[in-house]
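Visitor: Model the structure of this input:
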Amino acid sequence: MEDSFYALSYKSNDKFYNGVTFEKIYALYDFDKRLRSSVMDMFENIEIAMRAHITYTHCNKYGSLGYKDCKNFHNPKFHKSFIKLFRNLIPEDKKHIADTYYNGIPYPYIQNWLQALTTIRNSCAHYGRLYNKDCIIPLQLSKNDKKIILNNRKIFANIFAMKKLCPAKTLWNTFFQDIQALIFQYEEDIKLELIGFPKNWEKILK
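Guide: Next up, the predicted model:
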């Protein structure tokens, strides 16, 4: 069970450290639960904004019924089931969205980030943990970003990507403050390195 993994942080050679209590183990569970909730809320905002950007771009270029024509997408097979919408756009349309709404972030990065965040969202929806766990899809990062991201498979890397995809500063500020307060509340119970947070994480995310 996923719940049993929270106890692993307090074990060595299958034995608990001295002074470990049920309350400490539950604190990890509660921290993870609240972190999942915040991450899912932020991803919902990102997803809604992305859908709006895709809809506007596609309708403006191909007309209001352009989505029905598989020729206006990259892969007709994916068009039939209408999955992985951004990934299936024609490259020039992806670039237009990236340039217009995301400060010119290379669209392959955005595509990778959306795919990674979708797997995290799906995992969170089924109560999968984020604490002390590697995410399924590693993030593609620029050379500069690799200098500040310790591990591109931890949740911090994905939160960093969320910052770049967030549609509004006010939304991000609220999310950042929630994460800041959450970590402050549980700072004696968690190890930041287990979720990929560097020492200067506040400076990076703020």
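Visitor: helices and strands around the longest helix anywhere in the chain, which ones?
Guide: When the chain is parsed with DSSP state H, its longest helix is helix 22-62. Packing contacts for helix 22-62, counted by 3 or more CB pairs under 8 Å, 6 or more residues apart in numbering; DSSP states H and E, involve helix 91-101, helix 107-125, helix 155-165, helix 169-185. No exception for glycine: its C-beta is placed from N, CA and C like everyone else's.
Visitor: Quick one: mean pLDDT for that helix?
Guide: The pLDDT scores in helix 22-62 average 89.
Visitor: next one: stretch 121-135
Guide: Mean predicted confidence for stretch 121-135 is 92.
Visitor: change the start of the numbering to 18 and stick with it
Guide: From this message on, residue numbering opens at 18, which makes the last subject stretch 138-152.
Visitor: In contact with the residue lying closest to Ala133 once chain neighbours are set aside, which residues?
Guide: Nearest non-adjacent residue to Ala133, counting by CB to CB, 6 or more residues apart in numbering: Ile154, 4.0 Å away. Contacts of Ile154 were listed using CB atoms under 8 Å, 6 or more residues apart in numbering, and they are 129, 132-133, 136, 170.
Visitor: Buried only: go through these for me.
Guide: 129, 133, 170 (16 or more other CB atoms under 10 Å).
Visitor: Next up, the contacts around the first one.
Guide: Just to be clear, that refers to Asn129. 154, 156-157.
Visitor: Next, Leu106: phi, psi?
Guide: Backbone geometry at Leu106, expressed as degrees, to the nearest 10, gives phi -70, psi 160.
Visitor: Would you verify that the residue nearest to Ala133 is located in a helix?
Guide: No. The assignment for Ile154, made by DSSP: H, G, I helix; E, B strand; the rest coil, is coil rather than a helix.
Visitor: Please report how far it lies from Leu134.
Guide: Using CB to CB, to the nearest Å, Ile154 is found at 9 Å from Leu134.
Visitor: contacting residues around stretch 207-223?
Guide: 26, 44-45, 48, 52, 147-149, 165-168, 170-174, 176-177, 180, 193, 196-197, 200.
Visitor: Sort out which residues of that stretch are buried, please.
Guide: 207, 211-214, 218, 221-222.
Visitor: So which of the residues you listed sit within helices?
Guide: Going by DSSP H, the helices hold 218, 221-222 from the buried residues of stretch 207-223.
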